[in-house]
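Engineer: Attaching a predicted model along with its sequence, questions to come.
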2 protein chains.
Amino acid sequence: MDNLMNMDSSSSGLDAVFDPKSVAVIGASSTFGKWGQIILSNIVAGKFQGKIFPVNPKEKIICGLPVYKHIYDITEPVDLAFITTPAKTIPGILKECGKKRIKGVVLITSGFSETDEAGKKLERQVVDICREENVTLVGPNTMGIICPYAGLFATGTHTRPRKGSVAFVSQSGNLGNQLIHWAEQQGIGVSVFVGSGNEAALACTDYLEYLERDPHTNIIILYIESVGDGRHFLDVAKRINRKKPVIVLKGGKTKAGRTAAASHTGSMSGEHSAFRAACRQAGVLDVRFPTELLDLSAGFSSLPLPKGNRIGIVTLGGGWGVVTADECNQRGLIIPDIPESIIETIGKYLPPFWSRGNPVDLVGSRDLDVPLVAVEELLKWDGIDAVISLGIVGRFEYVRLLTQSTREVDKAVSSEFLDQMETFSHEYEKTYIAKIVELMEAYEKPVIGVSLANTGEGVVRPVDGRRYSGVFYQTPENAVNVLARMVTYNRFVGQR
Amino acid sequence: MDNLMNMDSSSSGLDAVFDPKSVAVIGASSTFGKWGQIILSNIVAGKFQGKIFPVNPKEKIICGLPVYKHIYDITEPVDLAFITTPAKTIPGILKECGKKRIKGVVLITSGFSETDEAGKKLERQVVDICREENVTLVGPNTMGIICPYAGLFATGTHTRPRKGSVAFVSQSGNLGNQLIHWAEQQGIGVSVFVGSGNEAALACTDYLEYLERDPHTNIIILYIESVGDGRHFLDVAKRINRKKPVIVLKGGKTKAGRTAAASHTGSMSGEHSAFRAACRQAGVLDVRFPTELLDLSAGFSSLPLPKGNRIGIVTLGGGWGVVTADECNQRGLIIPDIPESIIETIGKYLPPFWSRGNPVDLVGSRDLDVPLVAVEELLKWDGIDAVISLGIVGRFEYVRLLTQSTREVDKAVSSEFLDQMETFSHEYEKTYIAKIVELMEAYEKPVIGVSLANTGEGVVRPVDGRRYSGVFYQTPENAVNVLARMVTYNRFVGQR
């Protein structure tokens, strides 16, 4: 009963946290690099559309906004407060937040249960006050939250991922902040990010339950080091995972100190491996590396699920096709022989000595139709569940290197011509991506791309008006890993 | 006997190929995107210091250079010729190269044994001519060579890695070209790159023997799909590996077609796994992914070898320390407890509630001395063989995001001040790298860095006048993988 009530209160409370109409920053500062400066300037630079109220008794104007001496001076309602003032000031401030009817608090301040006994005691006090005052508490010791749909970017790292369907709950502030920045660089769309900090009031499982209901969220990634009630967590994760893939990185033990101690054995702790086994049984995707959280996010949020494990490979370079086929084999994916009719159709576009099989090696062909013909022929065939496309998107990087040199050394080649080459090559890639996404929608099969280039254009390449997006990893092992995990997930979901 | 003679001739021949004083490009073209244009413009743009002779009966000037109608028209000696003309012209041209006493030929042209029976026959003819005429042949069907010490960049990809100690022999043109471009982007220094193509005359083992003697080469990476005489290859690789680490990616089978066929079994072919087992026995480092070739190159070429597997971790973020410790454990690396004396020394710089152990969590400290104190204290101790440093270098990226927002939204903060912050943060990283390299030389133990940022500044960060370089991977798993492989290699070398 108590559990149910908590669940309800946390759920309703989190609406105010993740979709506030107005925010206060208590401890707002003009001093560069202080948390009160970092959070406020991030919210302002992120163009939050609601009201923003900086609070600090000693300042007048910060970021062009009038500063309030006290939250009581704010005459309008405040949905959410970020607090960065020292730990000892927090109980008093939280009581005042209650009186002001602030619904949610993101408590950035550290110095609580992560420090010592006094900190633990203070944290218990903080939780009690929030309960009494009906304030939903995120943290303490959190590095903030991001809610792209609310236009609210309020983390220590000034990164602003685009709107999307991936939610991320992280028990580590730094790791979460840095990964969310990489997510932004990779073009991964985000629905919610929260650094759960010490989880004094709300734990990972509570956030999961909120995300279960959140209409923007379709994929959930978690970095966790400890869960209070592991069984409840797994039950909830299992339930949600059936509708929204839950991808988990379980980091070591509860504390770095315990990690160090456990290192003597040189193996996974029993608790740890039991947790992983339970995840696997629940169909929850547990990963080994932080970057896998992003790789899988990109794939699961952008592509249809493969119905089986039979893969077609279309490659611009023979060697890449070979290593990709190898890796597929090692990950339980099959590269089936393709029927003569498909070989004939594709063969019309290729020199007579082409590979005549799967992988389809385009032998460096520059005919721009060939890759699309090959991809579609494979997708059409019911013997193939997914296609990996190697090295079509990404070629621009290599064209650019060539135009650059040519520009430098051969003045006889006109600059306009080289510009045209660049534009053409770049436009072709956009067209290719649009076509690939169209084909994915037509055949409901994923096409995973590998750019074979560090293009700086991101992994996820959305196409206007389309349900799916292009996905282009730099190297094949990432694409194969994602495909293998999607196949496993689809098997699990299908089994129910 | 025959073998020995071949060895000698290939060895002496390759000197002319990899260190020519003059080069001809037979088939030089002014048509953008033709091989004769790609290779010539690359050589010119790469500022080759020797003479460059374009050859084409129909052109007058290309890249500002006078074009020769025929190689006989070149009055000066020519060491090396790149040939891009069609396959059927090659026998005739090679005979003329012999008459002109050209010592080496890089035969870019395709259409030989990789196509059909006629192509195979033509290739045998080509080999015979080269033998008769005493011409050293690279290829055919190669995507070129790179020799930074000769200032010669002659591949299909216009990339120009800096001089260094890593040699790369690739049986796949595309894969080799793209990886060498990534190597350049990562700041990995290269001694030689060669796409060995069809290996009509010179095989992988011959290049290995050349590299054994090459004074610039200290690390050798190989991408191979097939070796004619596997036993001889392994003998040579084993011998060389004792002095110069040999790192191998064995890609599938001889042909993509065979890969597809093998895929039915869904497992490694017997031949393949035997090869891998033999590598392991020879101490040769076999890797699974192409990018590992680069990761290991960066580490082996820039860091001292660890004498054992006991790792100290210094981290700016707790979560990253935890996942790094986890990964170390899983890879057979130990995170030992550190003695009280070290804890005390480091503790002087940190708040009282710090982790007091290994990993050393700097708790987000901004005191710039702390990371260096922590790293040196760990290196000093004879219970530690290597240190992983997480998140000091790379912080600039996050500072830059903050200064950028602040600049936009808080006009009260002066632009000069923000400039100073950026400069200071950037300079600090350079100082940190220099200090780390100094410490590596003083203690002869590696410090592997993880930037936790996609900085675009490369993985390898050389320091003027120093034997070692800073190495900073974006994510911990790469650093741990490299360290684990270095520990294994050191064990193997020590065993002899």
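Structural biologist: Structure's in. What do you need?
Engineer: Spatially nearest residue to residue A:449 (excluding sequence neighbours)?
Structural biologist: What sits nearest to residue A:449 in space, not counting adjacent residues and going by Cβ to Cβ, 6 or more residues apart in numbering or on different chains, is residue A:472, at 3.8 Å. The C-beta positions use only the backbone N, C-alpha and C, and glycine is treated the same way.
Engineer: Show the average pLDDT along the helix or strand harbouring that neighbour.
Structural biologist: Using DSSP states H and E, residue A:472 maps to strand A:470-473. Mean pLDDT, strand A:470-473: 98.
Engineer: quick one: the very next helix or strand once past that strand to chain centroid distance?
Structural biologist: Reading on from strand A:470-473 to the C-terminus, the next helix or strand found by DSSP H and E is helix A:476-495. The chain centre lies 17 Å from the centre of helix A:476-495; the measure is Cα atoms, centre = their mean, to the nearest Å.
Engineer: now do stretch A:76-88
Structural biologist: Worked out by Cα atoms, centre = their mean, stretch A:76-88 lies 27 Å from the chain centre.
Engineer: Can you tell me, leaving aside adjacent residues, what's nearest to residue A:461?
Structural biologist: The shortest distance from residue A:461 to any non-neighbouring residue, by Cβ to Cβ, 6+ apart, is to residue A:470 (3.8 Å).
Engineer: Check residue A:313 too.
Structural biologist: residue A:359 (3.7 Å).
Engineer: Report pLDDT for the one you found.
Structural biologist: Each residue has a pLDDT score; the one for residue A:359 is 93.
Engineer: That one and residue A:342: what is the separation?
Structural biologist: Here residue A:359 is placed at a distance of 13 Å from residue A:342 (Cβ to Cβ, to the nearest Å).
Engineer: Kindly report the same for residue A:456.
Structural biologist: Computed with Cβ to Cβ, the distance linking residue A:456 and residue A:342 is 35 Å.
Engineer: quick one, which of those two is more surrounded?
Structural biologist: In this comparison of residue A:456 against residue A:342, neighbours counted by other Cβ atoms under 10 Å in any protein chain shown, the higher total goes to residue A:342 at 20 against 9.
Engineer: in terms of contact, does residue A:178 touch residue B:453 like I think?
Structural biologist: Yes. Using Cβ atoms under 8 Å as the test, residue A:178 is close enough to residue B:453 to be in contact (7.1 Å).
Engineer: Common neighbours of these two, please.
Structural biologist: With Cβ atoms under 8 Å, 6 or more residues apart in numbering or on different chains applied, the overlap between the contact sets of residue A:178 and residue B:453 consists of residue B:398.
Engineer: Compare neighbour counts for those two and give me the winner.
Structural biologist: Set side by side, residue A:178 and residue B:453 give different neighbour counts by other Cβ under 10 Å, the larger being at residue A:178 (30 against 23).
Engineer: Check the secondary structure at that one for me.
Structural biologist: Put simply, residue A:178 is helix when judged by DSSP: H, G, I helix; E, B strand; the rest coil.
Engineer: Then the one 3 residues further on?
Structural biologist: At residue A:181, secondary structure determined by three-state DSSP is helix.
Engineer: ok, now how distant is it from residue B:474?
Structural biologist: Taken as Cβ to Cβ, the spacing of residue A:181 relative to residue B:474 amounts to 12 Å.
Engineer: Residues of the stretch 351-496 of chain A that sit close to chain B?
Structural biologist: Within reach of chain B by Cβ under 8 Å from any Cβ of the partner chain, the stretch 351-496 of chain A has these residues: A:351-353, A:355-359, A:361, A:364, A:366, A:391, A:398, A:401-402, A:404-406, A:408-413, A:417-418, A:421, A:452-454, A:475-477.
Engineer: rerun at 6 Å
Structural biologist: Within the stretch 351-496 of chain A, the positions lying close to chain B (Cβ under 6 Å from any Cβ of the partner chain) are A:353, A:355, A:357-359, A:361, A:398, A:401-402, A:405-406, A:408-410, A:413, A:452, A:454, A:475, A:477.
Engineer: tell me the SS of residue A:41?
Structural biologist: Classification of residue A:41 using three-state DSSP returns helix.
Engineer: Against chain B, how distant is it?
Structural biologist: For residue A:41, the distance to chain B equals 5 Å [Cβ to the nearest Cβ, to the nearest Å].
Engineer: residue contacts, that residue?
Structural biologist: Residue A:41 sits next to A:63, B:405-406, B:409-410 when contact means Cβ atoms under 6 Å, 6 or more residues apart in numbering or on different chains.
Engineer: Could you dump the residues you listed into CSV and include neighbour count?
Structural biologist: What follows is the contacts of residue A:41, written out as CSV (neighbours: other Cβ atoms under 10 Å in any protein chain shown):
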residue, neighbour count
A:63, 24
B:405, 22
B:406, 27
B:409, 21
B:410, 21
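Engineer: Surely residue A:234 forms part of a helix?
Structural biologist: Yes. Following the definition three-state DSSP, residue A:234 is counted among the residues of a helix.
Engineer: What about it, how many residues nearby?
Structural biologist: One way to gauge burial is a neighbour count; for residue A:234, by other Cβ under 10 Å, it gives 20.
Engineer: Verify the contact between it and residue A:278 for me.
Structural biologist: Yes. Distance between residue A:234 and residue A:278: 5.2 Å, which falls inside the contact criterion (Cβ atoms under 6 Å).
Engineer: Spatially nearest residue to residue A:142 (excluding sequence neighbours)?
Structural biologist: Residue A:142 sits nearest to residue A:197 (Cβ to Cβ, 6+ apart), 3.2 Å away.
Engineer: Quick check: which element contains the one you found?
Structural biologist: Element membership of residue A:197 [criterion: DSSP H and E] is none; it lies in no helix or strand.
Engineer: per-residue confidence at it?
Structural biologist: Confidence per residue is given as pLDDT, and for residue A:197 that number is 95.
Engineer: Ramachandran coordinates for it?
Structural biologist: According to degrees, to the nearest 10, the main-chain angles of residue A:197 amount to phi 60, psi -140.
Engineer: Also the one 4 residues further on?
Structural biologist: Comment: the main-chain dihedrals of residue A:201 come out as phi -110, psi -50, following degrees, to the nearest 10.
Engineer: Now do it against residue B:243, distance only.
Structural biologist: Residue A:201 sits 61 Å away from residue B:243 when distances are taken as Cβ to Cβ.
Engineer: out of these two, which sits in the busier spot?
Structural biologist: Under the criterion of other Cβ under 10 Å, the comparison of residue A:201 against residue B:243 puts residue A:201 first, with 24 against 10.
Engineer: Which strand or helix spans the residue nearest to the more buried one when sequence neighbours are not counted?
Structural biologist: Take residue A:201 and drop its neighbours on the chain: the residue closest to it by Cβ to Cβ, 6+ apart is residue A:137, 4.2 Å away. Under DSSP H and E, the secondary-structure element containing residue A:137 is strand A:136-138.
Engineer: strands paired with that strand, and their directions?
Structural biologist: On the basis of DSSP bridges, the sheet neighbours of strand A:136-138 come out as strand A:104-107 (parallel).
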